[in-house]
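Trainee: for reference, the sequence and a predicted model appear below.
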Amino acid sequence: MCSENTLLIRRGTLDDAPAVLDLYKKVSYKYPNNLMQESDELTLPYIQQTLRLASERGLVLLIFEQEKLIGYMKGYTSEYRRHAHVLNNVTAMIDPTVVNHGYVSKLWQAYTNEIYKSFRHIRLIEILVTDSNVDTIGIYKRKGFVIKAYLHEKARYNDGTFGAGIILNWTNPNFCEQSLSQYHNYLAKLIKIQNNPDQNSLTNNR
């Protein structure tokens, strides 16, 4: 999708699950309170499921430097049409060994470019972070996210204290009602296939 010298940004697939899991583990070890999961809750089946859902109902991008995975961002919508204009379930992370190298900005720019061009049914990107993740909150605010809500005592930290969850939203300036209607039709077909597994699988062509 996007390359710059030894830097590559592309969509993720199920084949990337082991590398993504390894990245999750690195981030969880370095920043134990920043993820929604604890380290032992990060499993290969969990990563495979999130990649599958992001492929069906959203977008996952990976960033590589010299073929090494250094960053990841995924999100997907609800399966229900009433909430299908919101891309949530968002996770974004960069390998702790390469923070402050500008990779967050590159990954975010690539992600929003894809949303702008190919996901016009998305009106909002909604992100939930914990209040311990101060640097990430600052990055999102600089990228145009707006804080919408504080969820008091949403998270329990490793030391037994409780922290707030913070919801931030980004609005897609290229949102299109017609694209949303088409996506609603896609979701209806997806539900039919899930209820009738003998049918052929849908591809994520919208």
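Mentor: The structure has been received and is ready for your questions. Numbers count the residues shown, from 1 in each chain.

Trainee: so where's this structure uncertain?
Mentor: 1-5, 197-206 (pLDDT under 70).

Trainee: centroid residue for it?
Mentor: Lys74 (2.3 Å; Cα atoms, centre = their mean).

Trainee: which non-adjacent residue is nearest that one?
Mentor: Spatial nearest neighbour of Lys74, excluding adjacent residues (Cβ to Cβ, 6 or more residues apart in numbering): Val60 at 3.7 Å. The C-beta positions use only the backbone N, C-alpha and C, and glycine is treated the same way.

Trainee: before we move on, what about Arg52?
Mentor: Nearest non-adjacent residue to Arg52, counting by Cβ to Cβ, 6+ apart: Leu14, 6.5 Å away.

Trainee: the residue nearest to Lys74 contacts Leu51, correct?
Mentor: Yes: between Val60 and Leu51 a contact is recorded at 6.1 Å, counting by Cβ atoms under 8 Å.

Trainee: now for these two: what residues contact both?
Mentor: Here Val60 and Leu51 share the contacting residues Gly12, Lys74, scored by Cβ atoms under 8 Å, 6 or more residues apart in numbering.

Trainee: what's the lengthiest helix in the chain packed up against?
Mentor: Longest among the helix segments of the chain by residue count, using DSSP state H, is helix 177-195. Judged by 3 or more Cβ pairs under 8 Å, 6 or more residues apart in numbering; DSSP states H and E, helix 177-195 is in contact with helix 44-57.

Trainee: which residues does the helix it packs on contact?
Mentor: Here helix 44-57 makes contact (Cβ under 8 Å, 6+ apart) with 12-14, 16-18, 20-21, 24, 37, 60, 74-79, 89, 91, 187, 190, 202, 204.

Trainee: distance from the chain centre to the following helix or strand past that helix, please.
Mentor: Tracing the chain past helix 44-57, the next element assigned as helix or strand by DSSP states H and E is strand 58-65. Chain-centre distance of strand 58-65: 9 Å, with Cα atoms, centre = their mean, to the nearest Å.
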